[in-house]
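> Need the 3D shape of this:
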Amino acid sequence: VQLQAYGGGLVQAGGSLRLSCAASGRTFSSYVMGWFRQAPGKEREFVAAISSGGGSTYYADSVKGRFTVSRDNARNTVSLQMNSLKPEDTAVYYCAADIHYRGTTSREWGYWGQGTLVTVSS
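Below is the predicted model:
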């Protein structure tokens, strides 16, 4: 599966942004989808994930209650709605995919898209 994330940009603290990730291939609905982020000088960290059917979601504690992951299997897309953004949310955000949920360790996920930059100004 090939992934392409988009929707990043510059937003003020407290604002909202919606990221999306478009996937190619006819088996999108078979994949667990995840979002990770990497801030300058830091390791890539888990943000959120959603099961293949959308019935289960997973969030990092740092974004729980502010971010919402969703998917549209008919359109081969997964989205990340980010509200109440903070400067510490500034990072390059990546979407990832795998047949099984691989947890919070980025190296366990098999497929990656290019990142999209989110900058939150204070």
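> Kindly state the pLDDT recorded for residue 1?
pLDDT recorded at residue 1 is 89.
> mind showing which ranges of this structure have poor pLDDT?
Within the chain, not a single segment meets pLDDT under 70.
> can you pull out the strands in it?
3-6, 9-12, 17-23, 32-38, 45-50, 57-59, 67-72, 77-82, 91-98, 111-112, 116-121 (DSSP state E).
> Nearest to residue 105 among the ones you listed would be which one?
strand 45-50 (7.6 Å; Cβ to Cβ). Just so you know, the C-beta spots here come from the backbone N, C-alpha and C atoms, and that holds for glycine as well.
> that older thread, tell me which of the strands of the chain sits nearest to residue 104.
Per Cβ to Cβ, nearest to residue 104 of those: strand 45-50, 3.7 Å.
> tell me what the closest one is packed against?
strand 32-38, strand 57-59, strand 67-72, strand 77-82 (3 or more Cβ pairs under 8 Å, 6 or more residues apart in numbering; DSSP states H and E).
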